[in-house]
Structure formats: C-alpha cells, structure tokens
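Q: how does the following fold in three dimensions:
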Amino acid sequence: MAVHVRRDTRKPRVSPTRLKQKAQRILDYLGEHPAELSVLLVSNRKIRRLNAKFRGKNEPTDVLSFPLEESLPNGAKLLGDVVISLEQAQRQARAKLRAFSREVEWLLIHGILHLLGYDHERSRRAAKIMRLMERRIQRALSQQRG
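A: Coordinates of the predicted model:
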C-alpha cells in the first residue's frame, strides 16, 4: 500500500508523515489494500481554482476527491487523489472548537470515502451512511491512539 502526501502550502503546519500514517490506518480499517492514494495539501487559493474548474463553484472548499478506480499491474487499486485546503481546515477547526489535527483527519476520512464511492450529496440516505462511516473510522482511529 502506498500513500503519497505532498504539501503545496507551508502554513498551517501539518506533518506529511503523520498524515500518511493516518491515511494508511484508514485504508486498513476499510480493508482497502493493496491500494494507492495521493493526498495534496493546499491553500484556499489553489482549492478555489480546482473547485471552479471541476465543480463549477468559484469558492474555496475544504476537501476535494478525484477518484481513479484503476488497477495497477501489481494488483493494487489506484484510488485517486484527495486535496485538502489547510486554510479552510484551520477556519473550520476554530469554528467547531476542534483541534486542527482532528479537522484535517476528518477531511481525510471524508475525502477517502468519496474516493470509495460514498456520496453525501446523492440522497439523505447516502448522507446518513457516509456520516456513520466517518464516525466509525474516526472512533477506530481514536482507539488506536489510546
């Protein structure tokens, strides 16, 4: 399993190594191995451009997912890319009175679930299922820490 994390912004600070480990634990929890995933950490400016180009919404968002669903020669699944705005994550963390690292973790979970076909915008039922999965994964990650 390979998780690639790249930063396109310096602030706020996030450890790519720790984020990679979290992504690997999420994929393990979901039984997605072998799999490859790419995570890009960006500014609001960059994610706004991506959101405008791919979703027609000229505003920053917190996370975007670009599923690939391809198989690699070694049998691994190439899941796709998750793009997280660290600026937006920081704003949301402050608004929710949540630790910044927990907000980034939540966005990572959300993005990975989108790569796997979960879509909260499809219907109320789909949104409920996705929220349930997000909570289960976050709870499992919390137990691994404890």
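
Q: surely Gln144 meets Gln24?
A: No. The criterion here is Cβ atoms under 8 Å, and Gln144 misses it with Gln24 at 11.2 Å. C-betas here are computed from N, CA, C, even on glycine.

Q: the two: which is more packed in?
A: Neighbour totals were compared for Gln144 and Gln24, and Gln24 leads with 17 against 11 (other Cβ atoms under 10 Å).

Q: which pLDDT value goes with the more buried one?
A: For Gln24, the pLDDT comes out at 94.

Q: and Lys77, by the same measure?
A: In this model, Lys77 is scored at 84, pLDDT.

Q: how many neighbouring residues does Arg91 have?
A: Other residues near Arg91 number 16, with proximity taken as other Cβ under 10 Å.

Q: again but with Leu141, I slipped
A: Here the count is done by other Cβ under 10 Å, and Leu141 has 19 residues near it.

Q: kindly report the same for Leu113.
A: Neighbour count of Leu113, defined by other Cβ under 10 Å: 22.

Q: what's the answer for the one 3 residues further on, then?
A: Burial of Leu116 is recorded as 17 neighbouring residues (other Cβ under 10 Å).

Q: list phi and psi for it.
A: For Leu116, the backbone dihedrals (degrees, to the nearest 10) come out as phi -90, psi 10.

Q: list the contacts for it?
A: Leu30, Glu32, Pro67, Leu79 (Cβ atoms under 8 Å, 6 or more residues apart in numbering).

Q: now do the same for Glu69: its pLDDT.
A: 70.

Q: got it, and His114?
A: 95.

Q: what's the neighbour count on it?
A: The burial count for His114: 21, using other Cβ under 10 Å.

Q: separation between it and Gln144?
A: Going from His114 to Gln144 by Cβ to Cβ, to the nearest Å gives 22 Å.

Q: burial check on Val39, number of neighbours?
A: If you count neighbours by other Cβ under 10 Å, Val39 ends up with 25.
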